[in-house]
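Chemist: Sharing a sequence plus its predicted fold:
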Amino acid sequence: MQKILIAALMLPAFAQAYQSGKTYRLTILHTNDLHGRFWPNENGEYGLAAQQTLVKQIRSEVEKAGGSLLILNAGDINTGVPESDIHNARPDIEGLNAIGYEAMTLGNHEFDNPNQLLGMQEKWAKFPFLSANIRYKDSGKYLVQPYTVLNKQGLDIAVVGLTTEETATAANVAYTRNLSIADSEQTAREALKQLEERKKKPDITIALTHLGYHSDQKLARALPPQAFDVIIGGHSHHTVCVDDKGQLKADYRPGNDCRPDFQNGTWIMQAGEWGKYLGRADFTFQDGKLDLQSYRLIPVNLKYKSETADGKTVYTLYQNEIRPDAPLQAKLKTYQDQADKKLSLTVGSVNAKLEGDRTVVRQQQTNLGRLIARTQRERTGADLAVMNSGGIRDSIQAGSVSYKDILRVQPFGNLIGSVALSGKELRAYLQTIALKEPGSGGYPQFDGVTLKTDYAKKQVSDIRINGKPINDAQTYRLSLSDYLANGGDGYPKLSDKPSYVNTGFVDADALKQYFEKHSPIDAAGFAPEKE
């Protein structure tokens with residue numbers, strides 16, 4: 001393996017567990033933001049069974065060279081594909097167990113479900129869940145372990161978990177309201193102090209974060225130099241490979257040379273998303289110095305798309321195929337087959353595409369956004385409905401629609417609610433949420449309401465409910481998810497109002513039933529209402 005960069009990192013003076021003069025070899029493997037991709041996609045890309053094959057090869061190589069292997073995940077195993085969601089991510093966790101992961105930090109999507117489920121997932125895992133900045137409000141106790149210390153051939157390696165503060169609003173507030181999510185920078189300082197006060201102090205410190213790449217950079221610069229030797233991150237889905245100027249490579253191609261970022265004495269690594277890559281960092285450690293010998297982002301059966309002379313689409317591997325590990329593939333296939341049987345059910349049809357692509361639905365009103373809002377409105381008998389675009393995760397293509405298609409669009413399992421508001425209250429609410437900037441997950445999709453928005457002037461005008469000007473003295477019923485009612489995406493909290501009703505209906509089930517009742521659906525009938 002080509003040596004791409006060497007940098008000596010002086011560990012803090014308190015490190016003392018290592019043997020003087022001995023050279024240790026440590027290889028760190030890392031992934032992040034798997035989001036349920038335990039199984040390869042329709043083109044045979046990624047998947048945990050192929051990752052297992054790769055890890056076995058690397059483990060054998062490292063051990064023959066007298067080194068140690070450390071495997072870490074930076075959070076968000078939950079919420080992404082129906083086959084995983086329907087099993088509450090159990091196949092993903094069992095896959096990570098089989099591969100030999102040794103720690104995972106909590107991501108914001110670990111809070112898409114009740115805390116009881118998170119506790120169950122923690123029991124399934126043979127590795128610790130980490131987060132140093134999440135505690136129970138009432139007791140001050142940690143929700144999960146703040147850090148773990150792993151021993152590799154006599155080296156003590158501390159791994160500190162940090163979770164984005166955005167979890168307080170990005171996750172379902174119903175599941176985070178009893179938790180305190182502290183500032184990650186201050187928490188990092190406190191965790192490092194706790195580690196320093198241990199009788200046997202760590203030789204190497206790693207921050208396993210779910211903060212986002214730019215927040216990791218900020219963290220590294222805010223702390224004392226070399227406070228952490230390595231930051232392994234997630235949340236932003238960046239493929240972190242930088243050029244000679246320290247800028248992310250815009251033209252990075254899977255399999256090309258890659259080097260991680262380096263800020264204030266700390267290496268910063270992130271491996272894209274979905275298990276598309278396995279990050280590999282090879283280090284040597286001697287007398288308190290950690291040297292990065294080489295780094296790679298290894299593509300896991302990634303392919304590029306091309307067209308043949310006769311117009312056929314073909315997918316070609318960037319590198320040699322990694323064959324799936326047979327025992328793990330067989331185990332995971334059981335979950336995949338069970339899910340396929342449940343999800344293949346046809347629930348209806350639509351005559352044209354219902355637009356839910358992230359690049360579109362977070363920028364403008366779409367037919368799918370309006371359809372989902374209509375679904376919730378019909379379920380509650382409300383006058384109008386609002387849906388946050390961040391809760392719409394896919395489009396629905398023309399033709400037959402399956403239950404799997406529905407769950408791809410709405411994977412979070414939010415509950416539908418409604419609340420009675422006076423016209424004056426509703427006006428104030430709409431004036432707040434309508435100014436959510438395009439591009440954000442909070443950008444609202446509407447049914448039953450039109451309005452004009454001037455983002456530059458921060459003004460909302462000409463609000464109409466079902467074609468009529470809003471009447472401050474009239475009472476209206478608004479339908480929305482419990483996620484928004486609880487203040488998710490920074491929406492005003494409405495769940496504490498006496499008139500708020502949580503129907504208990506799951507949003508995806510309501511959309512499924514709407515298709516069953518109204519198919520074939522005419523997509524044109526849900527074209528965004530004109531202002």
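Modeler: Yep, it's here. Numbering: from 1, shown residues only.
Chemist: Residue 441 reaches residue 358, doesn't it?
Modeler: No: under the criterion of C-beta atoms under 8 Å, residue 441 lies out of contact with residue 358, with a separation of 9.2 Å. To be clear about C-beta, it is placed using only N, CA and C from the backbone, and glycine gets the same treatment.
Chemist: The two - which one has more neighbours?
Modeler: Applying other C-beta atoms under 10 Å to residue 441 and residue 358 shows that residue 441 carries more neighbours, namely 18 against 15.
Chemist: How about that one: what's its closest non-neighbour residue?
Modeler: Taking C-beta to C-beta, 6 or more residues apart in numbering, and ignoring the residues beside it in sequence, residue 441 has residue 390 as its nearest neighbour in space, at 2.3 Å.
Chemist: Give me the three-state assignment for the one you found.
Modeler: At residue 390, secondary structure determined by DSSP: H, G, I helix; E, B strand; the rest coil is helix.
Chemist: what pLDDT does it get?
Modeler: Model confidence at residue 390, given as pLDDT, is 94.
Chemist: That one: what's it in contact with?
Modeler: Residues in contact with residue 390, defined by C-beta atoms under 8 Å, 6 or more residues apart in numbering, are 362, 440, 441, 442, 443, 489.
Chemist: repeat for residue 35
Modeler: Remark: with contacts taken as C-beta under 8 Å, 6+ apart, residue 35 is in contact with 76, 77, 78, 79, 80, 81, 84, 109, 273, 274.
Chemist: before we move on, what about residue 479?
Modeler: The contact partners of residue 479, by C-beta under 8 Å, 6+ apart, come to 373, 376, 377, 379, 380, 382, 384, 385, 386, 416, 417, 418.
Chemist: Can you tell me the element it falls in?
Modeler: Secondary-structure assignment from DSSP states H and E places residue 479 in strand 475-481.
Chemist: Alpha carbons of the next helix or strand after that strand, in PDB - could you do that?
Modeler: Downstream of strand 475-481, the next assigned helix or strand under DSSP H and E is helix 482-485. The C-alpha atoms that make up helix 482-485 are tabulated as PDB, following Å, rounded to 0.1, in the frame of the first residue of the first chain:
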ATOM      1  CA  ASP A 482     -46.600  14.800  16.100                       C
ATOM      2  CA  TYR A 483     -43.000  15.500  15.100                       C
ATOM      3  CA  LEU A 484     -43.900  19.000  14.100                       C
ATOM      4  CA  ALA A 485     -46.500  19.400  16.900                       C
END
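Chemist: any residues touching helix 482-485, and which ones?
Modeler: Residues lying outside helix 482-485 but in contact with it, judged by C-beta under 8 Å, 6+ apart, are 172-174, 386, 388, 391, 412, 414-417, 419, 489, 491, 493-495, 500, 502.
Chemist: Drop anything exposed from those residues.
Modeler: With neighbours counted by 16 or more other C-beta atoms under 10 Å, the contacts of helix 482-485 contain buried members at 172-174, 386, 388, 391, 412, 414-417, 419, 489, 491, 494-495, 500, 502.
Chemist: need the contacts of residue 35 in TSV with pLDDT, neighbour count and secondary structure, can you?
Modeler: What follows is these, written out as TSV (pLDDT from 0 to 100; neighbours: other C-beta atoms under 10 Å; DSSP: H, G, I helix; E, B strand; the rest coil):
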residue	pLDDT	neighbour count	secondary structure
76	95	26	coil
77	96	28	coil
78	92	27	coil
79	84	22	coil
80	74	23	coil
81	85	23	coil
84	93	26	helix
109	89	24	helix
273	93	21	coil
274	94	22	coil
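Chemist: Tell me the one of these nearest residue 263?
Modeler: Comparing the contacts of residue 35 against residue 263 with C-beta to C-beta places residue 273 closest, at 21.8 Å.
Chemist: Can you give me the pLDDT of residue 3?
Modeler: The predicted structure scores residue 3 at 40 on the pLDDT scale.
Chemist: Could you find the closest non-adjacent residue to the most centrally placed residue in the chain?
Modeler: The residue lying closest to the centre of the chain (C-alpha atoms, centre = their mean) is residue 76, at 4.3 Å. Leaving aside its sequence neighbours, residue 76 sits nearest to residue 107 (C-beta to C-beta, 6+ apart; 3.4 Å).
Chemist: ok, that neighbour to residue 170 distance?
Modeler: Using C-beta to C-beta, to the nearest Å, one gets 10 Å for the distance from residue 107 to residue 170.
Chemist: Could you check which of those two is surrounded by more residues?
Modeler: Residue environment comparison for residue 107 versus residue 170 gives the larger neighbour count to residue 107, 30 against 23, counting by other C-beta under 10 Å.
Chemist: so what's the more buried one up against?
Modeler: Residue 107 touches 33, 74, 75, 76, 77, 78, 163, 164, 210, 234, 235, counting by C-beta under 8 Å, 6+ apart.
Chemist: Name the member of these with the shortest distance to residue 157.
Modeler: Nearest to residue 157 among the contacts of residue 107, counting by C-beta to C-beta, is residue 74 at 15.8 Å.
Chemist: how far is the helix or strand harbouring residue 407 from where the chain is centred?
Modeler: Under the criterion of DSSP H and E, residue 407 resides in helix 403-409. Its chain's C-alpha centre and that of helix 403-409 lie 18 Å apart, by C-alpha atoms, centre = their mean, to the nearest Å.
Chemist: And for stretch 153-170?
Modeler: Relative to where its chain is centred, stretch 153-170 has its mean C-alpha point 15 Å off (C-alpha atoms, centre = their mean).
Chemist: Now do that stretch: distance from first to last residue.
Modeler: The distance separating the two terminal residues of stretch 153-170, taken as C-alpha to C-alpha, to the nearest Å, comes to 40 Å.
Chemist: buried stuff in that stretch?
Modeler: For stretch 153-170, by 16+ other C-beta under 10 Å, it's 155-170.
Chemist: what do you get for stretch 105-115?
Modeler: With burial defined by 16+ other C-beta under 10 Å, the residues of stretch 105-115 counted as buried are 105, 106, 107, 108, 109, 110, 111, 112, 113, 115.
Chemist: now, which of the residues you listed sits nearest residue 203?
Modeler: Proximity to residue 203 was ranked across the buried residues of stretch 105-115 by C-beta to C-beta; first place goes to residue 105, at 20.7 Å.
Chemist: Tell me if I'm right that the closest one and residue 208 touch.
Modeler: Yes: at 4.4 Å, residue 105 counts as touching residue 208 under the criterion of C-beta under 8 Å.
Chemist: joint contacts of these two?
Modeler: Residues touching both residue 105 and residue 208 comprise 73, 74, 130, 161, 162, with contact defined as C-beta under 8 Å, 6+ apart.
Chemist: Check the gap between the second one and residue 268 for me.
Modeler: When you say that, I think you mean residue 74. Using C-beta to C-beta, which is the criterion applied here, residue 74 is 11 Å from residue 268.
Chemist: Same question for the fourth one.
Modeler: To residue 268, residue 161 is 16 Å away according to C-beta to C-beta.
Chemist: Then the last one?
Modeler: The spacing between residue 162 and residue 268, counted by C-beta to C-beta, is 13 Å.
Chemist: Run through the residues that contact the residue nearest to the centre of the chain.
Modeler: Neighbours of residue 76 in contact, by C-beta under 8 Å, 6+ apart: 32, 33, 34, 35, 107, 108, 109, 110, 210, 234, 235.
Chemist: Dump these to TSV, plus secondary structure.
Modeler: What follows is the contacts of residue 76, written out as TSV (three-state DSSP):
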residue	secondary structure
32	coil
33	coil
34	coil
35	coil
107	coil
108	helix
109	helix
110	helix
210	strand
234	coil
235	coil
